[in-house]
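[1] my questions are about this predicted structure, shown below with the sequence.
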Amino acid sequence: MDQGIRNPVLRILVYGHVWLALGAAAQTAWVQELLGIGGWRAPVLAFCGTIVGYTFMRWARMDHPELGTAPHLAWFRENRKPLLYFALFCLGCGSALALPHALALFRILWPAVVITLFYVVPPGVVGGRTIGLRRVPLLKALLIAAAWSLVTIGLPMAMKGMDQVADRSGWHFAMQFTFFLSLAIAFDLRDRAIDPQGLRTIPQVLG
């Protein structure tokens, strides 16, 4: 099997979405500073949530007839047991941190949860069909940017009881959204040659 990334440590960091989770924690910590608050709980929760969310999305796609052949999904399929155990560990840690702030977290982050759950629907659930929010034309990059913006801003606000305070949060959301949207479009440009035309990402539609 073509492993894509050949270095075993890099494979774990990238294909195991550890690097991505560390980036989520760093972005959340940075937003905390912008909001004038601090603490370690929101960045750790961002790390745990990223591991859990991306493990679910990898699991949902690993047996997909089209997507499942990608190197990172093939690697996930081969190593799914330890990755699922790690995700369950992060789920437990994240739940313990989130429980005292559950209502505030729900008020802010429910759209991000919906995006994660329905971004890709497991083929086994829908008779092998390819459905999910990522298949809606032009929405893929916008959904990714919106979810990441909500997480990196919403976690610090909810953990500090600021979930009902608008203040500058709209400006911070706009800043984060444009940042994550540029990253999402860059990755769509990279994948333009291998993405199915029916996906209709922003680069596929606009050129």
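    That came in fine, so what should we check first?

[2] please identify the helix or strand for the nearest residue to residue 76 once chain neighbours are set aside.
    Spatial nearest neighbour of residue 76, chain neighbours left out: residue 58 (4.5 Å); criterion: C-beta to C-beta, 6 or more residues apart in numbering. The way it works is simple: take the backbone N, C-alpha and C, and place the C-beta from them, glycine included. Applying DSSP states H and E as the criterion places residue 58 in helix 41-61.

[3] that helix: how far from the chain's middle?
    7 Å (C-alpha atoms, centre = their mean, to the nearest Å).

[4] helices and strands around it, which ones?
    Here helix 41-61 touches helix 18-35, helix 71-78, helix 80-98, helix 102-118, helix 139-159, going by 3 or more C-beta pairs under 8 Å, 6 or more residues apart in numbering; DSSP states H and E.

[5] including mean neighbour count and mean pLDDT, could these go into TSV?
    Formatted as TSV, the helices and strands packed on helix 41-61 follow (neighbours: other C-beta atoms under 10 Å; pLDDT from 0 to 100):
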stretch	mean neighbour count	mean pLDDT
helix 18-35	18	93
helix 71-78	18	83
helix 80-98	15	95
helix 102-118	16	89
helix 139-159	23	91
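
[6] for residue 186, find the nearest of the ones you listed.
    helix 139-159 (9.4 Å; C-beta to C-beta).

[7] could you check the angle helix 102-118 makes with the closest one?
    160 degrees (axes from the mean of the first three to the mean of the last three C-alpha atoms, to 10 degrees).

[8] alpha carbons of helix 139-159, as CSV, please.
    The C-alpha atoms that make up helix 139-159 are tabulated as CSV, following Å, rounded to 0.1, in the frame of the first residue of the first chain:
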residue,chain,number,x,y,z
LEU,A,139,-20.2,24.6,0.9
LYS,A,140,-17.2,22.5,1.8
ALA,A,141,-14.6,25.2,2.5
LEU,A,142,-17.3,27.5,4.1
LEU,A,143,-18.4,24.8,6.5
ILE,A,144,-14.8,24.0,7.5
ALA,A,145,-14.1,27.7,8.1
ALA,A,146,-17.3,28.2,10.1
ALA,A,147,-16.8,25.1,12.3
TRP,A,148,-13.1,26.0,13.2
SER,A,149,-14.0,29.7,13.9
LEU,A,150,-16.8,28.6,16.2
VAL,A,151,-14.6,26.2,18.1
THR,A,152,-11.6,28.5,18.5
ILE,A,153,-13.7,31.4,19.7
GLY,A,154,-16.6,29.6,21.4
LEU,A,155,-14.5,27.4,23.7
PRO,A,156,-12.7,30.2,25.5
MET,A,157,-16.0,32.2,25.8
ALA,A,158,-18.0,29.3,27.1
MET,A,159,-15.4,28.2,29.6
